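Visitor: I need the structure of the sequence given here:
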Amino acid sequence: MAEENGQVKTYSEEEYRKQLAANSALIARQAIGYALGFQFGGERDLYAALGYKVEPTFDDYLAMYRRGDIAKRIVNFPANSTWRKSPVIGDGKSDTSQEQPESAFIVALKGLIETRRLWHYLSRVDRLSGIGRYGVLVLGVRDGQEASEEVVKGAAKGIEGLLYLASYSEGSAMVTDSDLVRDATDSRYGLPQKYQVKRVDGIQQVIHWRRTIHVAENLTEDDVYGEPRLEAVLNRLFDKEKLIGGGAEANWKNMDKGIQADIREGFTGEGQTLTDLEGEIDEYMHGLRRFIRTIGVDLKQLGAEVVDPSGMFNVIMETIAGTTGIPKRILLGAEMGELASSQDQENWAGVIGARQVDFAEPTILRPTLDRLIYFGVLPEPEGGKYMVQWQPLFQMSPEQEAKIADSYAAAIQKYAPPGATDMVVPVAEFREKYLKLPQVPVVDDAVAILDEEDAMAMGDEGVGVKQPADDAPENIESTAGLNGAQITAVLEVLTRLRAGELTAVVAIELLVSVGMQRERAEIVVDEIGKLPKTLLETAATGTK
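Guide: Model (predicted):
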């Protein structure tokens, strides 16, 4: 039997076994904690020697977060990166990226995002949950009930029914053993029934679980307590503090060296006693005087070798980066004056992309939207469900995009027929896909140039290039039907034919391969000898 809510409750044997298992697990974890750092059968306690905490509390993590430089970044950066670009929510009819959505659900959600700063509070509770073992998002609903009472479904009646959102850390939204559901037959067994929330005005308020969103990351044996983001690297953060603080102190002491007074043999103290000498040395050390009188005493300046801490600092930071999964350059912001490499950025974007899908969406975003729909703050989405689309995080710089486009251009030029690269990738496609430029009308100057040269060759009497007969096949295309790259390829083939580098048969096949009709190619090859050589070379090079 046990007392619960002032009443005596009888538990079954199965319920007692579950409770005993939970208590045993807690005791086992405590035993592991106290065994940390012991070597040689307990004769050597590394944690005690190195100043590490065996059982750090929430206050320890909070102090490190508030005063620690790297510690704050370890907690904040994953959350800030996750919510840096707001997700797009859609229900098949509209989505939040549209200026004028048609769906009532999306319209209400966009209003909530603007008036209640929804993304801001989701990002905040994500950060706060990483300081301790969990964080809590409180949904302030206008339903006429006390905060400690259950919320009736649909009680909010629109977005005006959500008065506020508030984010709390473990230290401000506490859960005691009596706040957990202990009934093993309850679907919420082991989960909080209520929270003891300490508001900013200092008042402690009991809040029912239905009015909250519980956020915990890296859960292990239960769904309540996760792992603080600083837990696995706490010892390394202490090492960093000792290294930087100790190094700064050593440099300070080395710059302000001490003084050693050697008393010579036969010192009598006449004219200056030891007490007088000590007083003058103190005044000198504290800047009250710039000279010391010595009678029978030799003064020597003390100094010590200062060790360069950069090597050990790099070891510590590499260990922290490897443990947290944050690339070292990104963790520090910059290294040796160089910004984080694109490879680091791409890897980190992959880590955050997985975090968005595996943690932020199922643990924070969807529970919040589902609860708001349950309250009646948001209407039901079209079709009864909604979709979440996270926006890409990694974005290449213009220099990186230009380098990639250049590589593609080189590959296309290598495998395309001479002068006919757009037969592999059209110009419009290359411009839009690889150069990220808008499409523009392409003016084919090569066609105009060729027509002009044809007219010059023909002269006023129309002599020169043979014109197709009136009864020529209708499928014979003129040169003007080719694009700029094909025209360039045609001129190159004809130039090589005229120079004797190609036979007529080979030239015809090459002209057909670049898009010219076979009948037209045969006519052009047959008449090529009638053109002046200089005219053909001029057309091929584009000069006049």
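
Visitor: what's the next secondary structure element after the lowest-mean-pLDDT helix or strand in the chain?
Guide: Here the helix or strand of the chain ranked lowest by mean pLDDT, DSSP states H and E is strand 338-339, holding a mean of 48. Past strand 338-339, further along toward the C-terminus, the next helix or strand under DSSP states H and E is helix 342-355.

Visitor: Residues touching the helix or strand just after that next one, excluding its own?
Guide: Counting by DSSP H and E, the next helix or strand C-terminal to helix 342-355 is helix 366-375. Helix 366-375 has contacts (CB atoms under 8 Å, 6 or more residues apart in numbering) with 89, 109, 112, 118, 122, 137, 139, 141, 143, 151, 153-156, 161-162, 210, 213, 378-381, 386, 388. Where C-beta positions appear, they are placed from N, C-alpha and C, glycine not excepted.

Visitor: What about those residues, which are in helices?
Guide: L109, L112, L118, L122 (DSSP state H).

Visitor: Neighbours of the residue nearest to D143 when sequence neighbours are not counted, how many?
Guide: Residue nearest to D143 in three dimensions, not counting chain neighbours: A155, with 3.8 Å by CB to CB, 6 or more residues apart in numbering. Number of residues near A155 (other CB atoms under 10 Å) recorded here: 17.

Visitor: Tell me the most packed of the ones in helices among the contacts of helix 366-375, by neighbour count.
Guide: Result: L109 is most packed of the ones in helices among the contacts of helix 366-375 (other CB under 10 Å), 27 neighbours.

Visitor: could you pull out the strands for the stretch 1-150 of the chain?
Guide: Secondary structure of the stretch 1-150 of the chain (DSSP state E, counting those that start in this stretch): strands at 2-4, 7-9, 38-39, 44-45, 88-90, 135-141.

Visitor: worst average pLDDT in the ones you listed?
Guide: Ranked by mean pLDDT, those end with strand 2-4 at the bottom, a mean of 51.

Visitor: Okay, the residue nearest to G190 when sequence neighbours are not counted and I412: tell me how far apart.
Guide: With CB to CB, 6+ apart as the criterion, G190 has its nearest non-adjacent residue at 5.8 Å, and that residue is D222. Using CB to CB, to the nearest Å, we find D222 at a distance of 57 Å from I412.

Visitor: Ok, G92 next?
Guide: In terms of CB to CB, G92 sits 39 Å off from I412.

Visitor: ok, now V75?
Guide: 47 Å.

Visitor: Those two: which has the busier surroundings?
Guide: The neighbour comparison of V75 against I412 (other CB under 10 Å) goes to V75, with 24 against 16.

Visitor: Unless I'm misreading it, the more buried one sits right up against S129, doesn't it?
Guide: No. Assessed by CB atoms under 8 Å, V75 is found out of contact with S129, at 9.4 Å.

Visitor: For the helix or strand containing E280, list every residue counted as buried.
Guide: Under the criterion of DSSP H and E, E280 resides in helix 274-285. Burial within helix 274-285, assessed by neighbour count using 16 or more other CB atoms under 10 Å, is assigned to L277, E280, I281.

Visitor: T368: neighbour count?
Guide: Residues near T368, counting by other CB under 10 Å, number 19.

Visitor: E114 too?
Guide: By other CB under 10 Å, neighbour count at E114 equals 10.

Visitor: So it versus I159, what's the distance?
Guide: 10 Å.

Visitor: can you check L234 too?
Guide: 42 Å.

Visitor: Tell me where the stretch 401-544 of the chain has helices.
Guide: 427-433, 445-458, 484-498, 504-513, 518-527, 533-541 (DSSP state H, counting those that start in this stretch).

Visitor: swap in the stretch 201-350 of the chain?
Guide: Using DSSP H, counting those that start in this stretch, helices in the stretch 201-350 of the chain cover 234-255, 274-285, 310-324, 328-332, 342-355.
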